[in-house]
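# pasting the sequence and the predicted model now:
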Amino acid sequence: MRRREFVLGIGAVGALSQARYASAGPSAGYFVPAEEEPHQLTFMQWPVNRAVYRDTEWLKMVQQTIADIANAISAFEPVVMLAAREHHGQARRSLSDNVQLWDVPTDDLWCRDSGPIFVTNTSGDLAISHIQFNGWGGKQVHKNDAQIARRIAERLDIPIIPTGLNGEAGGVEQDGHGLLMAHESSWVNENRNPGLSRAEVEALLLKGYGAERMIWSEGVLGEDITDYHIDSLARFTGPGRVLINLPDDPDPNDPFHTAALDTHDRLIAEGLRVEVIPEPYERRVRDPEFVASYANYYVCNGAVIMAQFGDAETDDIARNALKRHYAGREIVTLDVDPLGELGGGIHCATQQMPSS
């Protein structure tokens, strides 16, 4: 099973000497705010690498989908699209005037994974808690994407705090109030953090996010490029509250279905309030490898940007659930099927910069 094509390649991480590195942790008071807290802006990445997107027409479709998401978010808060200057002319033709372009070279679109993880403290200081992106364990070329967090730290002139981890923010969910959840398969493995135990990874994640407690479930190792990121399954919608996307009729032979049920049961056992929304059934894309996740939405200032998959019944169920969980925000639905075909969604393509 492959939910996003593996593209092998070596992604060298450039020298990090120009970034302002700092040593910080819970004692410095830094933490990652909840996504629903106010943002300064949203970062996104313009996909261009032809080793990843060999078909020109397919690349154009993916780029237009990224532009559609950026344009929708930009109606509610500023958006910065990261792209090498040579790609700005092409990107600008699809982007709203409300979307700013920065000269930061990219390979692919997954800003949740390769973009900066912002932390703040009670004084309103901002820093970047740096989990080094390594192409999902060396599975895809990432020469530019591996350097995005450093380049943004330099441009903003804020410190970058090393966590000592390789991985991706899409592999861990935080409620902004001290609790994390993750699939072990995305973190405790030889392709990201060789030699580290789960307890060691947990300690580094808690320090990097400024959190106090972590809930693990097993996940699925080696069946997709992300090793089963949690953000396509379950999301915190507030302190102790989770929205999870499950199939109505789970296939006991599908490792993702069995792992999802295990995560659901683990969250219930930990005393969280868990609401289940169904996966779409009558969707536009019938490929069994297609990722149809309502949970992979993005919360911005005043709105929630969510995917709709062409199943009127389940699209409405998901929309109404998000209205309840994010009362007072506009729910904006988009057709982002190309991202589902790549194995991700709207949340995977975005990264928030909180207000200081």
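Cool, got the structure.
# now do the same contact list for Pro338.
Residues counted as contacts of Pro338 (Cβ atoms under 8 Å, 6 or more residues apart in numbering) are 58, 61-62, 65. All C-beta atoms are positioned from the backbone trio N, CA, C, and that covers glycine.
# which stretches in the protein count as helices?
With helices called from DSSP state H, the chain shows them at 56-74, 88-92, 111-114, 135-138, 148-156, 198-209, 255-269, 312-325, 337-342.
# now do the fifth one: which elements does it pack against?
Contact analysis of helix 148-156 by 3 or more Cβ pairs under 8 Å, 6 or more residues apart in numbering; DSSP states H and E lists helix 111-114, strand 126-132, strand 160-166 as its packing neighbours.
# re the thing from before, drop anything exposed from the contacts of Pro338.
62, 65 (16 or more other Cβ atoms under 10 Å).
# would you format the contacts of Pro338 as JSON lines with pLDDT and distance to Leu243 included?
Listed next are those as JSON lines, based on pLDDT from 0 to 100; distance: Cβ to Cβ, whole Å:
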{"residue": "Trp58", "pLDDT": "98", "distance to Leu243": "31"}
{"residue": "Met61", "pLDDT": "98", "distance to Leu243": "29"}
{"residue": "Val62", "pLDDT": "98", "distance to Leu243": "26"}
{"residue": "Thr65", "pLDDT": "98", "distance to Leu243": "23"}
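# can you list the contacts of Pro338 in JSON lines and add distance to Thr122?
What follows is these, written out as JSON lines (distance: Cβ to Cβ, whole Å):
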{"residue": "Trp58", "distance to Thr122": "46"}
{"residue": "Met61", "distance to Thr122": "44"}
{"residue": "Val62", "distance to Thr122": "40"}
{"residue": "Thr65", "distance to Thr122": "38"}
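# quick one: which of the contacts of Pro338 is nearest Phe31?
Within the contacts of Pro338, proximity to Phe31 (Cβ to Cβ) peaks at Thr65, which comes in at 32.1 Å.
# quickly note the distance from the closest one to Pro338.
5 Å (Cβ to Cβ, to the nearest Å).
# cool, and Ile268?
To Pro338, Ile268 is 34 Å away according to Cβ to Cβ.
# just Asp68 next, same as before
Distance from Asp68 to Pro338, by Cβ to Cβ: 10 Å.
# my guess is Tyr228 contacts Phe256. True?
Yes: at 6.8 Å, Tyr228 counts as touching Phe256 under the criterion of Cβ atoms under 8 Å.
# quick one: which of the two has more around it?
Using other Cβ atoms under 10 Å, the more surrounded residue of Tyr228 and Phe256 is Tyr228, with 27 against 20.
# list the contacts of that one.
Neighbour list for Tyr228: 183, 185-186, 219-221, 256, 259 [criterion: Cβ under 8 Å, 6+ apart].
# give me that answer again for 10 Å
Applying Cβ atoms under 10 Å, 6 or more residues apart in numbering, we find Tyr228 in contact with 3, 171, 182-186, 217-222, 255-256, 259-260, 263.
# next step: the residues you listed restricted to strands.
The strands, defined by DSSP state E, take in 182-183, 217 from the contacts of Tyr228.
# just the buried ones out of the residues you listed, please.
For the ones in strands among the contacts of Tyr228, a burial check counting by 16+ other Cβ under 10 Å picks out 182-183, 217.
# one step back: what do Thr65 and Pro338 both touch?
Common contact partners of Thr65 and Pro338 (Cβ under 10 Å, 6+ apart): Leu109.
# what's around Glu282, how many residues?
By the measure other Cβ under 10 Å, the count of residues near Glu282 is 12.
# quick one: it from Ile331, how far?
In this view, Glu282 and Ile331 are 20 Å apart by Cβ to Cβ.
# got it, and Ala83?
Using Cβ to Cβ, we find Ala83 at a distance of 29 Å from Ile331.
# quick one, which of those two is more surrounded?
Ranked by neighbour count (other Cβ under 10 Å), Ala83 and Ile331 place Ala83 first, with 24 against 16.
# spatially nearest residue to that one (excluding sequence neighbours)?
Closest residue to Ala83 in three dimensions, ignoring its sequence neighbours and counting by Cβ to Cβ, 6 or more residues apart in numbering: Trp46, at 3.7 Å.
# Gly240 too?
Leu272 (5.4 Å).
# what's the closest of the helices and strands packed on helix 148-156 to Glu77?
Nearest of the helices and strands packed on helix 148-156 to Glu77, taken as Cβ to Cβ: helix 111-114 at 14.7 Å.
# and the closest one, C-alpha only, in PDB?
This file holds the C-alpha atoms of helix 111-114, laid out as PDB (Å, rounded to 0.1, in the frame of the first residue of the first chain):
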ATOM      1  CA  CYS A 111       4.600  23.000   4.900                       C
ATOM      2  CA  ARG A 112       3.200  21.300   7.900                       C
ATOM      3  CA  ASP A 113       6.100  18.900   7.800                       C
ATOM      4  CA  SER A 114       9.000  21.000   6.500                       C
END
